[in-house]
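In: I would like the atomic coordinates for the input below:
(2 chains)
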Amino acid sequence: MSDTVRVRFAPSPTGFLHVGGLRTALYNFLFARSRGGTFILRIEDTDQTRQVEGAVENLIDTLHWADIDFDEGPGKDGAFGPYVQSQRLEMYREHAERLVAEGNAYYCFCTHERLEKIRRQSRYSGTLKQSPAYDRHCRSLSTDEAMRKKSAGEPYVIRMKVPESGETSFDDVIRERVTIANSILDDQVLIKSDGFPTYHLAVVVDDHLMRISHVIRGEEWLSSTPKHVLLYRSFGWELPVFAHLSLLLNPDKSKLSKRQGDVAVEEYRAKGYLNEALVNFVALLGWNPGDDREIFTMEELVREFSLERVGKSGAVFNVEKLNWLNFQHLRRKPDAEVLQLLNKELTRAGIDPSHFSEQYLLGVISAMRERVTFVRDVLEKSPYFFRPVDHYDPDVVKKRWKPHTPNHVRVLAEEFSKLQSPRKEDYEAALVRVADALSIKPPELIHPLRLAVSGMGAGPGLYDILALLGRDEVLRRIQTAIERLTQS
RNA sequence: GCCCCCAUCGUCUAGAGGCCUAGGACACGAGCUUUUCAAGCUCGGUACGCGAGUUCGAAUCUCGCUGGGGGCACCA
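Out: Sure, this is the predicted structure:
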């Protein structure tokens, strides 16, 4: 490939990054990286009515969290303006005027009221079974007439002049060839009466000026691509390669939306999902390597990704699988990184991490790692590592704490107290000795002891817990358990 | 209503005419292992939407139907 690959992710700053957007961004990013190309972030903020404070910063932050870095975009090298459409209004206007001058667009002075009226008429007319399009009223206006109205201060928009016959088609890497009859295309507004361009004008002008080679975007744009193609032709520009990605779906197969689950990347982040897992998951929604591998790091995705292996059909966002991937990535994560995450979770839960030694926390991690899906679960599933036991699971008490248990456990405590800085093997040996002496099986001591030190009936290996807590703490907890469980 | 796109297990998917009595993964069920819970391992069930063609042969090609989705703004 001698061509230079330049792709872009061009979201509108509506406040948060949608997971569908994340996938689009990711595919663009992977494609750029795998082809040695450039990945650009561009902000499509041409709708003044939908501006959200801080949205751009949030978008960038979220992308950064996902480990998707852009090469050009707002903030890069101090260049903000060129990548934010609202900073380039004059350029769009110039291009639109050029289309008007060349007969490919025209001024339209129709009011909202009139447009609303014809829309109503066409929609309910039994004879005119067409989509509710503009009736091209102003298309026949003479240049003089238009200039007169314009200088009289009448509000106007600029519309593209769609050919009345023929058809427009284009090739799409994913969809192959798409064709549509020009007769059903609307005379799309290019410049709104507030002077801002519409998406359709802005996207074409920007993609061309930024020398975008591949337009990889969501399927919701497929229907309007013919209009874009017509614009490219009017300008005399070369078409980029198009690739329209299928949509992400709700469990009921409708377009992924709030209501049926979380759609904001920020929400998954807040819930404690690993960025690696979310990226891996979203990558697999519509793409696969062609073999059975499913766990991928970003580096591996870059190496394996190809647009040719992207599917056409929509994919349901299945949280179960995302959870499993989170688990998979968590167990592969280096200790040091998990430790950092654990520290954050502790702080979040109001526990000062510095209260524990790093060695202790690493021990907890190694004991819990394969038992949790989220780092956060470590606190929820085994709070006893960080706080004294203040609650004993009633079911477990009922099942494991028998009348003779206090005596057994007392003997155990006595044996433990003789140990000098015991390791897990020492606890085990001591417990077996006591079991022998009492003529009972080890499990009859193991279960009550687990209950005493953790308050629960399930968790990591008992001896691991004991070794982590340390002898004195274990003895303290046994004592407390005897007191609390015997009186009740 | 009109236009466009899509169609393999519940879900993500492999499959580019014979390798498919359709493979993998998640989820689910059973068992093994076991001090518990997980993990791990083994096994199990469930899918080519329907109908015509083309072909010696179709999940794979063609057409129709059905179903689903998207679009039809001075929103992106």
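In: Which helix or strand contains the residue of chain A most remote from its centre?
Out: In chain A, the greatest distance from the average C-alpha position (Cα atoms, centre = their mean) is reached by A:A437, at 58.2 Å. Per DSSP states H and E: A:A437 is located in helix A:424-438.
In: Could you do A:V215 as well?
Out: Following DSSP H and E, one finds A:V215 within strand A:214-218.
In: Contacts for that strand next, please.
Out: Strand A:214-218 is contacted from outside by A:5-8, A:10, A:20, A:24, A:27-28, A:31, A:173, A:207, A:240-245, A:247, A:307, using Cβ atoms under 8 Å, 6 or more residues apart in numbering. Heads up, the C-betas are built off the backbone N, CA and C, glycines and all.
In: Tell me where the stretch 101-250 of chain A has strands.
Out: A:105-108, A:157-160, A:167-172, A:176-181, A:189-191, A:214-218, A:241-245, A:248-249 (DSSP state E, counting those that start in this stretch).
In: How about the third one, which residues are buried there?
Out: Spelled out, it's strand A:167-172. Buried residues in strand A:167-172, defined by neighbour count with 16 or more other Cβ atoms under 10 Å: A:168, A:170, A:172.
In: which ones are touching the second one?
Out: Just to be clear, that refers to A:F170. When contacts are counted by Cβ under 8 Å, 6+ apart, A:F170 is found next to A:177-178, A:225-226, A:229, A:239, A:242.
In: Check the gap between it and RNA strand B for me.
Out: According to Cβ to the nearest atom of the strand, to the nearest Å, A:F170 and RNA strand B sit 10 Å apart.
In: where's the closest residue to A:A264 other than its chain neighbours relative to A:L141, distance?
Out: Nearest in space to A:A264, with sequence neighbours left out and distances taken as Cβ to Cβ, 6 or more residues apart in numbering, is A:F16 at 4.2 Å. Counting by Cβ to Cβ, to the nearest Å, the gap from A:F16 to A:L141 is 43 Å.
In: Check what pLDDT the closest residue to A:E167 other than its chain neighbours gets.
Out: In space, and not counting its chain neighbours, A:E167 is closest to A:A181: 4.9 Å by Cβ to Cβ, 6+ apart. A:A181 carries a pLDDT value of 93.
In: Quick check: A:A181 vs A:S165, distance?
Out: Distance check for A:A181 against A:S165: by Cβ to Cβ, it reads 8 Å.
In: which one of those two has more residues nearby?
Out: A:A181 (11 against 7; other Cβ atoms under 10 Å).
In: In this model A:E164 seems to touch the more buried one, though I could be wrong.
Out: No: applying Cβ atoms under 8 Å as the test, A:A181 and A:E164 come out as separate, 10.4 Å apart.
In: my read: A:I212 touches A:R6, true?
Out: Yes: if you go by Cβ under 8 Å, A:I212 and A:R6 touch, sitting 5.4 Å apart.
In: got any residues that touch both of those two?
Out: A:I40.
In: close enough to count as contact, the residue farthest from the centre of chain A and A:E414?
Out: No: if you go by Cβ under 8 Å, A:A437 and A:E414 don't touch, sitting 10.8 Å apart.
In: In TSV, list the strands of the stretch 101-250 of chain A along with distance to A:G261.
Out: What follows is those, written out as TSV (distance: least, Cβ to Cβ, whole Å):
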stretch	distance to A:G261
strand A:105-108	42
strand A:157-160	38
strand A:167-172	29
strand A:176-181	31
strand A:189-191	35
strand A:214-218	18
strand A:241-245	19
strand A:248-249	11
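In: A:P403 is nearest to which of these?
Out: Closest to A:P403 of the strands of the stretch 101-250 of chain A is strand A:248-249 (Cβ to Cβ; 57.6 Å).
In: And the closest one, what does it pack against?
Out: Strand A:248-249 sits against helix A:19-34, strand A:315-316, with contacts defined as 3 or more Cβ pairs under 8 Å, 6 or more residues apart in numbering; DSSP states H and E.
In: neighbours of A:R119, just the number please.
Out: The burial count for A:R119: 15, using other Cβ under 10 Å.
In: Find me whatever residue is spatially closest to it, sequence neighbours aside.
Out: The nearest residue in space to A:R119 (Cβ to Cβ, 6+ apart) is A:P132, at 4.5 Å.
In: try A:P289
Out: Nearest to A:P289 is A:E304, by Cβ to Cβ, 6+ apart, at 4.8 Å.
In: do A:V263 as well
Out: Take A:V263 and drop its neighbours on the chain: the residue closest to it by Cβ to Cβ, 6+ apart is A:H18, 5.3 Å away.
In: Please tell me how far that neighbour sits from RNA strand B.
Out: 10 Å.
In: Can you give me every residue that contacts that residue?
Out: A:H18 makes contacts with A:256, A:263-265, as judged by Cβ under 8 Å, 6+ apart.
In: Mind doing that once more with 10 Å?
Out: A:11, A:24, A:218, A:248, A:256-258, A:263-265 (Cβ atoms under 10 Å, 6 or more residues apart in numbering).
In: Kindly report the same for A:V302.
Out: Applying Cβ under 10 Å, 6+ apart, the residues near A:V302 are A:29-35, A:296.
In: just to revisit the earlier point, keep only the contacts of strand A:214-218 that also lie close to RNA strand B.
Out: Of the entries in the contacts of strand A:214-218, the ones placed beside RNA strand B under the rule of Cβ under 7 Å from any atom of the strand are A:10, A:247.
In: so who does A:L379 touch?
Out: Contacts of A:L379 (Cβ under 10 Å, 6+ apart): A:342, A:345-346, A:348-349, A:351, A:364, A:368, A:372, A:385-387.
In: What sits closest to A:V474 if chain neighbours are left out?
Out: A:L466 (5.4 Å).
In: mean confidence score for the helix or strand hosting the one you found?
Out: In the assignment (DSSP H and E), A:L466 maps to helix A:462-469. For helix A:462-469, mean pLDDT rounds to 96.
In: same question, stretch A:384-391
Out: Average pLDDT, stretch A:384-391: 95.
In: any idea how far it is from the chain center?
Out: Counting by Cα atoms, centre = their mean, to the nearest Å, stretch A:384-391 is centred 35 Å from the centre of its parent chain.
In: before we move on, what about stretch A:74-88?
Out: The answer for stretch A:74-88 is 24 Å, by Cα atoms, centre = their mean.
In: can you list contacts of that stretch?
Out: For stretch A:74-88, the surrounding residues in contact (Cβ under 10 Å, 6+ apart) are A:8, A:10, A:12-13, A:40-48, A:51, A:56-57, A:59-60, A:69-73, A:91-92, A:196-197, A:199, A:202-203, A:205-206, A:209-210.
In: Right, I'll leave it there.
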